[in-house]
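K.L.:
Fold the following, please.
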Amino acid sequence: MDESVQKIGIVGSGSWATAMIKMFGDNVENKDILWWVRKEDDLAYIQSYGHNPSYLSAVKVSVKPDNLFLDAKSVIQQSDIVVLNTPSAYLKEALKEVKTEDFSNKIVVSAIKGIIPTDNLIVGDYLTKTYHVPLKNIVVIGGPCHAEEVSSEKLSYLTLAGKDDETVERVATFIRGRYINTILSKDIFGVEYGAVLKNIYALAAGICHGLGLGDNFIAVLISNAIQEMETCLSAIDPEANRDINASAYLGDLLVTAYSQFSRNRTFGHMIGKGYTVQSAQLEMNMVAEGYYASACIQNIIQRYQLDMPICHMVYEILYHRQPANAEVKKLLAKLT
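P.N.:
Numbering: from 1, shown residues only. Alright, predicted model coming up:
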C-alpha cells in the first residue's frame with residue numbers, strides 16, 4: 001500500500017459496517033480501505049465474490065482481497081482512521097487483542113449506537129478510559145442512517161460530532177458523496193447518548209404497535225420521547241449548544257421509531273405481540289441495541305434523578321418481565 005494514501009480501517013462486518021464499506025468505497029477521495037470480518041467463511045466469500053453473504057448480500061463491496069482481516073488488531077495498527085462498527089455488546093470481544101499503543105495517533109470513529117453493557121459506558125468514554133484515546137481524536141457518527149438505505153444509495157445525511165473541528169472535517173472528507181451529505185457538530189456526548197436513547201424509544205414504539213395501538217398514539221409517544229431525550233442530554237452535558245430538533249436527535253429518533261428497517265422497533269413489536277425477550281432475540285438475525293441500552297441508561301437516570309417514564313416502561317417490560325399491556329397503561333397518564 002502507498003504510505004501517502006490514507007488508510008481507513010472498518011472494525012465490524014454487520015449490515016451497517018457493510019453499508020459503510022460501500023459508502024467509503026464510493027467516496028472519490030484517494031484511500032485504502034481495510035476491513036475486519038468476524039467470520040472466516042464470510043471473509044473467504046467476500047474475497048471471492050465481493051459480497052458479504054451474511055448481511056446486505058446484494059451489495060457489491062470493493063475491498064482488496066489482501067485488505068481483509070480476521071483480527072482487528074492488524075486493521076487498527078495499519079490504519080490512520082479507525083471506524084468501530086460492531087454491536088456495542090461485542091466491541092470488547094472484537095478488541096480483546098488490541099493494546100493502548102495500537103490506537104496511538106489514530107482518529108477513532110464510533111459508528112456504534114449503543115452502550116458497552118458490562119461497563120455502562122458509551123463508546124467514546126470507553127475508548128478514553130480503556131485505551132487512553134484523547135477526546136480530540138474521537139468522532140461519533142449519528143443518523144438518521146439505516147444501513148439498507150445507505151447501501152441502496154438513498155440520499156442520507158450523517159452527523160459527525162467531535163471536539164476538534166479539523167479532525168471531524170478530515171473524517172467527513174472521506175464520507176461525503178453523491179448520496180451522502182454530512183453535518184458537523186461539536187456535541188459529541190449529545191449525539192452519542194441521543195443515538196442510545198432513540199433505540200429505547202423505538203422499542204417503546206414497537207411495543208405499543210404490537211399491542212395494537214395506532215399511529216395517533218405512537219405520534220404522542222414519540223413527541224414525549226424527544227422531550228425525555230432533551231431532559232437527559234441537558235443533564236449529561238448542560239453546556240452543549242444543541243438543538244434537539246436537529247436531524248441527529250429528532251431525525252434519528254423518527255426514522256428509528258417508524259421505519260420498516262428499524263430492528264429496535266421490530267424487536268419491540270415482537271415483545272408487544274407476546275414474545276419473550278429470548279425468543280425475540282433468537283428470531284432476529286441482528287442486534288437490537290435498545291435492549292442493552294435500556295438497562296444501562298437506568299444508571300444515568302438514577303445518577304441525575306431524572307423523570308423518564310418511557311425509558312422506565314421499557315426497562316420494566318424487558319428486565320423485570322412486567323406485562324407490556326399493564327406497563328403501557330401506567331404510562332398513559334404521564335404523557336402530554
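K.L.:
and the gap between Glu29 and Ile301?
P.N.:
Distance, Glu29 to Ile301, by C-beta to C-beta, to the nearest Å: 42 Å. Quick note: C-beta positions are derived from backbone N, CA and C, even for glycine.
K.L.:
The stretch 1-150 of the chain: strands as residue ranges?
P.N.:
Taking DSSP state E, counting those that start in this stretch to define them, one finds strands in the stretch 1-150 of the chain at 6-11, 31-36, 68-69, 81-84, 107-110, 115-116, 121-122, 138-142.
K.L.:
how close does Leu282 get to Glu148?
P.N.:
Taking C-beta to C-beta, one finds Leu282 at 22 Å from Glu148.
K.L.:
Just the CA atoms of stretch 49-62, as CSV, please.
P.N.:
C-alpha atoms of stretch 49-62 as CSV (Å, rounded to 0.1, in the frame of the first residue of the first chain):
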residue,chain,number,x,y,z
TYR,A,49,-17.2,-12.7,-4.9
GLY,A,50,-17.2,-9.1,-3.5
HIS,A,51,-20.4,-9.6,-1.4
ASN,A,52,-21.0,-10.1,2.3
PRO,A,53,-23.0,-13.3,2.4
SER,A,54,-24.4,-12.7,5.9
TYR,A,55,-25.6,-9.0,5.6
LEU,A,56,-26.8,-6.9,2.7
SER,A,57,-25.7,-9.7,0.5
ALA,A,58,-26.8,-8.0,-2.7
VAL,A,59,-24.5,-5.0,-2.1
LYS,A,60,-21.2,-5.0,-4.1
VAL,A,61,-18.2,-4.1,-1.8
SER,A,62,-14.9,-3.2,-3.2
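K.L.:
Tell me the gap between the helix or strand of the chain with the lowest mean pLDDT and the middle of its chain.
P.N.:
None of the helices or strands of the chain scores lower by mean pLDDT, DSSP states H and E than helix 277-283, at a mean of 88. Centroid displacement of helix 277-283 relative to its chain, using C-alpha atoms, centre = their mean, to the nearest Å, is 20 Å.
K.L.:
do stretch 91-105 as well
P.N.:
On C-alpha atoms, centre = their mean, the centre of stretch 91-105 falls 19 Å from that of its chain.
K.L.:
Show me which parts of stretch 42-54 are buried, residue by residue.
P.N.:
For stretch 42-54, the neighbour count (16 or more other C-beta atoms under 10 Å) marks Asp42, Leu43, Tyr45, Ile46, His51, Asn52, Ser54 as buried.
K.L.:
just to revisit the earlier point, outside of the least confident helix or strand of the chain itself, list whatever touches it.
P.N.:
Phe267, Met270, Ile271, Tyr275, Ala288, Tyr291, Leu318 (C-beta atoms under 8 Å, 6 or more residues apart in numbering).
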